[in-house]
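Participant: please find the sequence and the predicted model below.
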Amino acid sequence: MNSIYNLQFDYIQSNGNYLILSQKEGLKRSDLTELQVKMLQNNQIPGLLLMEIEEVDLICRLRYNLIAKKPLTSLLNGRPLKKNEFFQLILNVVNILNDSKLYMLSEQSYLLNFDYIFCGRELNDIYLIYLPLKDLEHKPSIASELKNLILKLSVPSNSSEEKAIAELLALVNEQYFSIPTFRQQLITLIKEQNQDSVLARIPDIKLSNQQGNKRLTASKGRLKPLTSRQKTYLFAASILLSAVIWRYYQDYPSEATLYISLGLTLLVADIDLVLLKVWRPNKAAKEKIHPDKPHISPVTPLESSVGLNKNHYQLLPGNTMILSSNDETVYLDRELAATSEQPIMAKAILIVKRGEATEKITIDRTSFIIGRNSLQVAYVENTRGMSREHFEIKSLISGFMLRDLGSKNGTRLNAQAITPHKLYPLKDGDIIRAAKVEYLFMAE
């Protein structure tokens, strides 16, 4: 079980793959923000993992659904991001944060830790974890997490890319930081870097606040279907009203009351039809939007421009600094992003017996994936029952770790089935079984 920000995370496999969040001292219902919990449970919010609450003896656990999801780390497979991929990923994350206000969620409650970002089959399909907790005092600010994420993902290959990353980091200033402003500045920076194709690949992007307001208005115009429980209540109320109407007719039978009863019954039926198909009161909090007025948080002059001069970098405490006259950027923050779980290159091999022959597989990268997909894996294994990306061996400072990548037939470590996406320590002499193949792990 991994611990982060005084929260405990663990992976389980029970009718699907799930990530479980809990606390050592026990998580109680009173620790949760009820409004945010209802928002997460009653809405399929784009970019967020589906969340459920397990409660036993007044102790709660948050369960996040990982079906058809995989960690971002396994999709990258240890390779550096290309320039367009980097900007696309950061913009995807920022768009999810920017849309949080539509669901009355707090930006600070998103978890932007690199190891807990998930995706579908493509980088464009990103999913974040939302923490609906009242007390998050151990969690860094969203600006700090976003800054560390940028440092983690950015591997500039030339001076031009280094300068772009430096400008991006300079925008993540905790004292004056706001997501809407950062998003607009990020889009401007993407255009300056001639990466307009990044904007085109994100269909949900709002290039202006006016377009965002139109999308919000359109979403309010669509009537959400009633749940089964709501339909039951509606029909029960209609039957009760109709019974009262016709009971009145039985008590006072006449031609006039007959017509009145028929009319009232038809009126009840019309109300049912309107509530089901046409219109109903909206209980959600309504936000007054002015089409001609940008809907962003107030900003100070320091956040209003992407064109930054050298003096600006000197003013940022511990941020990126330009130290030479030719605009070469020196990163001083990367060591701050390092943890005991940082990748490190170490030597190890896998030994496989195939009939009379023995094959030796050298683990030559920090993230070594085995599977059938020749475009994504480090070693192609076409044995029947092997998934496209079956399992991964990670080389970390703390040692070698094994992780099943949500394979269909699972992975075993020393004959014991392991939970998908969970890291298991590897030691010399361990046997990994995937499909019908056994790999003997040998650390050098």
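Facilitator: Perfect, I can see it now. Quick caveat, the model's predicted, so the values are computed rather than measured. Residues are numbered from 1 along each chain as shown.
Participant: which residue ranges of the stretch 1-150 of the chain form helices?
Facilitator: 34-42, 72-76, 83-98, 142-153 (DSSP state H, counting those that start in this stretch).
Participant: next up, the contacts around Leu258.
Facilitator: Counting by CB atoms under 8 Å, 6 or more residues apart in numbering, Leu258 makes contact with Tyr249. C-beta coordinates here come from the backbone N, C-alpha and C atoms, glycine included.
Participant: tell me the SS of it?
Facilitator: helix (DSSP: H, G, I helix; E, B strand; the rest coil).
Participant: per-residue confidence at it?
Facilitator: pLDDT recorded at Leu258 is 88.
Participant: is it true that Lys134 touches Thr33?
Facilitator: Yes. Assessed by CB atoms under 8 Å, Lys134 is found in contact with Thr33 at 5.5 Å.
Participant: which of the two has more neighbours?
Facilitator: The residue with more neighbours, out of Lys134 and Thr33, is Thr33; 18 against 11, by other CB atoms under 10 Å.
Participant: count the residues that sit near the closest residue to that one other than its chain neighbours.
Facilitator: Distances taken as CB to CB, 6 or more residues apart in numbering place Pro132 nearest to Thr33, at 5.0 Å, with adjacent residues excluded. Counted with other CB under 10 Å, residues neighbouring Pro132 total 22.
Participant: for Ile20, see how far away Pro132 is.
Facilitator: 15 Å (CB to CB, to the nearest Å).
Participant: below-threshold pLDDT in this protein: ranges please.
Facilitator: 1, 78, 174-175, 196-198, 200-224, 280-346 (pLDDT under 70).
Participant: if we go to 50?
Facilitator: Scanning the chain with the threshold set as pLDDT under 50 gives 203-219, 284-340.
Participant: quick revisit: was I right to think the residue nearest to Thr33 contacts Gln41?
Facilitator: No. Using CB under 8 Å, Pro132 is not in contact with Gln41, being 9.6 Å away.
Participant: who touches both of these two?
Facilitator: Met51.
Participant: give me the packing partners of the longest helix belonging to the chain, helices and strands only.
Facilitator: Longest helix in the chain, counting residues (DSSP state H): helix 228-251. Judged by 3 or more CB pairs under 8 Å, 6 or more residues apart in numbering; DSSP states H and E, the packing partners of helix 228-251 are helix 255-273.
Participant: identify each buried residue in the helix it packs on, please.
Facilitator: 257, 261, 264-265, 268 (16 or more other CB atoms under 10 Å).
Participant: any chance of those in TSV, with distance to Ser407 too?
Facilitator: TSV is the format used below for the buried residues of helix 255-273 (distance: CB to CB, whole Å):
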residue	distance to Ser407
Thr257	71
Ser261	65
Leu264	62
Thr265	59
Val268	55
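Participant: closest one of those residues to Val380?
Facilitator: Val268 (66.4 Å; CB to CB).
Participant: got a list of what that closest one touches?
Facilitator: Applying CB under 8 Å, 6+ apart, the residues near Val268 are 238, 241-242, 245.
Participant: apply 10 Å and report the result again.
Facilitator: 237-242, 245 (CB atoms under 10 Å, 6 or more residues apart in numbering).
Participant: so which of those is the most crowded?
Facilitator: Ranking the contacts of Val268 using other CB under 10 Å puts Ile245 first, with 18 neighbours.
Participant: SS state for Leu350?
Facilitator: Going by three-state DSSP: Leu350 is strand.
Participant: quick check: it touching Asp428?
Facilitator: No. In this structure Leu350 lies outside contact range of Asp428 using CB atoms under 10 Å: 12.0 Å.
Participant: more neighbours: which of the two?
Facilitator: Leu350 (20 against 11).
Participant: who does that one bridge with?
Facilitator: For Leu350, the beta-bridge partners are Ile361, Phe441 (DSSP bridges).
Participant: just give the closest residue to Ile20, not the sequence neighbours.
Facilitator: Nearest to Ile20 is Asp10, by CB to CB, 6+ apart, at 4.9 Å.
Participant: Leu62 is in contact with that neighbour, correct?
Facilitator: No. Between Asp10 and Leu62 there is no contact under CB under 10 Å: 11.3 Å.
Participant: ok, the two, which is more surrounded?
Facilitator: Leu62 (24 against 15).
Participant: got a list of what the residue nearest to Ile20 touches?
Facilitator: 1-3, 18-22, 61, 419, 422.
Participant: identify the contacts common to Leu350 and Asp428.
Facilitator: Shared contacts of Leu350 and Asp428, counting by CB under 10 Å, 6+ apart, come down to 440-442.
Participant: of those residues, which is the most crowded?
Facilitator: Phe441 (21 neighbours).
Participant: quick one on the thing from earlier: can you pull the phi/psi pair for the residue nearest to Thr33?
Facilitator: phi -80, psi 50 (degrees, to the nearest 10).
Participant: gap between it and Pro225?
Facilitator: For Pro132, the distance to Pro225 - CB to CB - is 25 Å.
Participant: how about Lys28?
Facilitator: 33 Å.
Participant: counting neighbours, go ahead and name the busier of these two.
Facilitator: Lys28 (12 against 9).
Participant: and the residue of the chain most remote from its centre, what does it touch?
Facilitator: Residue farthest from the centre of the chain, counting by CA atoms, centre = their mean, is Ser254 at 65.2 Å. Each residue near Ser254 by CB under 10 Å, 6+ apart is listed here: Ile260.
Participant: relative to Thr411, which of the helices of the stretch 1-150 of the chain is closest?
Facilitator: That would be helix 72-76 among these, by CB to CB, at 12.9 Å.
Participant: what does that closest one rub up against?
Facilitator: Outside helix 72-76, the residues touching it (CB under 10 Å, 6+ apart) are 85, 89, 114-123, 125-127, 152-153, 343, 367, 369, 376, 389, 391-392, 394, 403-406, 421.
Participant: give me the subset of those lying in strands.
Facilitator: Mapping these onto strands (DSSP state E) picks out 118-119, 126-127, 367, 369, 391-392, 394, 403-404.
Participant: got those as CSV, with neighbour count and distance to Glu381 columns?
Facilitator: Output for these, formatted as CSV (neighbours: other CB atoms under 10 Å; distance: CB to CB, whole Å):
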residue, neighbour count, distance to Glu381
Phe118, 22, 24
Cys119, 19, 23
Ile126, 20, 28
Tyr127, 22, 28
Ser367, 18, 16
Ile369, 23, 10
Phe391, 29, 10
Glu392, 26, 13
Lys394, 24, 18
Arg403, 23, 16
Asp404, 29, 14
